[in-house]
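Engineer: I'll drop the sequence and a predicted model, then ask my questions.
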Amino acid sequence: MIILKRLLRDRGAVIALAIIILYVVLGFAAPFVTVHDPNHIDTANKYSGISLQHFLGTDHLGRDILTRLIYAIRPSLLYVFVALFISVLLGAILGFVSGYFLGYIDALIMRMCDVMLAFPSYVVTLALIALFGMGAENIIMAFILTRWAWFCRVIRTSVMQYTDSDHVKFAQTIGMSDLKIIHRHIMPLTLGDIAIISSSSMCSMILQISGFSFLGLGVKAPTAEWGMMLNEARKVMFTHPEMMFAPGIAIVIIVMAFNFLSDALQIAIDPRISSKEQLRSVKKGLVQS
């Protein structure tokens, strides 16, 4: 609750949360907030400008850009949420087990992480696309296969740090079970760290899935996706540059929102970070003067 109160005092964090919630709501409620079919083709009305019927105009097939922009939230953001949740869940379970029990279990899990982290996510994604074909499902699978190991390592380090604290050692001394110790004394302390790395990881995952779709390796047509919309707009970027603005701005806004949220979470969890930055800026100004 204290962390939440600190977070809500940060105006940037509140704005970032509002933007993320707005995106999620629009993604779920896309059929109810739009009047057009995202895949409806009307070549007689292609490249139409901004009007009351089409607020952002239409693309090369006469499809409403705003409608496709809203429907694109699902593969560009909501699918990434699913991949992130599964990755964090797997990484947290193995990270807690590895960081708390140590010994042979820790060595085995860490070797598994080493193997998975030896392959960059781009390489794993390209391999899955080569084996199973294009599609958002393969990109999501690649995210899960590569990200869980990274989350596991980070969470393990955090768990090992809190395991050495006095209140955990006291709980072990009085005979409290390991599951209760993890649930009551270690998990609440690590939730902040997990939230920080999750919010920062969302940025790279959104950019990756949009990047693969831009290259034609992600979401299959005619499904709307921000990267695919940028790829379609690239062909007419000189004659109709406005087509690139909408998906590009949508990506920039959501990535900036998660970046601001990640920074705000770090300051909310450890307020000393903000004071250190302020002190560093003051010293820098004194040196320059």
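Structural biologist: Looks like it came in fine.
Engineer: Which helix or strand in this structure has the lowest average pLDDT?
Structural biologist: helix 272-288 (a mean of 44; mean pLDDT, DSSP states H and E).
Engineer: is it true that residue 8 touches residue 14?
Structural biologist: Yes. Residue 8 is in contact with residue 14 according to C-beta atoms under 8 Å; the separation is 6.1 Å. All C-beta spots, glycine's among them, are computed from the backbone N, C-alpha and C.
Engineer: which residues are in contact with both of those two?
Structural biologist: Where contact means C-beta atoms under 8 Å, 6 or more residues apart in numbering, no residue is in contact with each of residue 8 and residue 14.
Engineer: Following the chain onward from the strand or helix carrying residue 115, which element is next?
Structural biologist: Using DSSP states H and E, the element containing residue 115 is helix 103-117. Moving toward the C-terminus from helix 103-117, the next helix or strand (DSSP H and E) is helix 121-132.
Engineer: now the very next helix or strand once past that following helix and helix 103-117, what's the angle there?
Structural biologist: Sequence-wise, the next helix or strand downstream of helix 121-132 (DSSP H and E) is helix 136-163. Interaxial angle, helix 136-163 versus helix 103-117 (axes from the mean of the first three to the mean of the last three C-alpha atoms, to 10 degrees): 140 degrees.
Engineer: Mind listing what's buried along helix 136-163?
Structural biologist: When neighbours are counted by 16 or more other C-beta atoms under 10 Å, the buried residues of helix 136-163 are found to be 136, 138-156, 158-160, 162-163.
Engineer: Please compute how far stretch 185-201 lies from its chain's middle.
Structural biologist: Relative to its chain's centre, stretch 185-201 lies at 14 Å (C-alpha atoms, centre = their mean, to the nearest Å).
Engineer: any residues touching that stretch, and which ones?
Structural biologist: 3, 84, 88, 92, 96, 100, 147, 150-151, 154-155, 158-159, 162-163, 167-168, 171, 258-259, 261-262, 265-266, 268-269.
Engineer: Skipping adjacent residues, who's closest to residue 234 in space?
Structural biologist: Leaving out its chain neighbours, the residue that sits closest to residue 234 by C-beta to C-beta, 6 or more residues apart in numbering is residue 244, at 7.2 Å.
Engineer: Could you tell me which residues make contact with the one you found?
Structural biologist: Contacts of residue 244 (C-beta under 8 Å, 6+ apart): 230, 233, 234, 237.
Engineer: Now render those residues as a markdown table, adding neighbour count, pLDDT and secondary structure.
Structural biologist: Rendered in a markdown table, the data for those read as follows (neighbours: other C-beta atoms under 10 Å; pLDDT from 0 to 100; DSSP: H, G, I helix; E, B strand; the rest coil):
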| residue | neighbour count | pLDDT | secondary structure |
| --- | --- | --- | --- |
| 230 | 21 | 88 | helix |
| 233 | 21 | 85 | helix |
| 234 | 11 | 85 | helix |
| 237 | 12 | 79 | coil |
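Engineer: which one of those is nearest residue 205?
Structural biologist: residue 230 (17.0 Å; C-beta to C-beta).
Engineer: Assess the claim that the closest one and residue 210 are in contact.
Structural biologist: Yes. Using C-beta under 8 Å, residue 230 is in contact with residue 210, at 7.4 Å.
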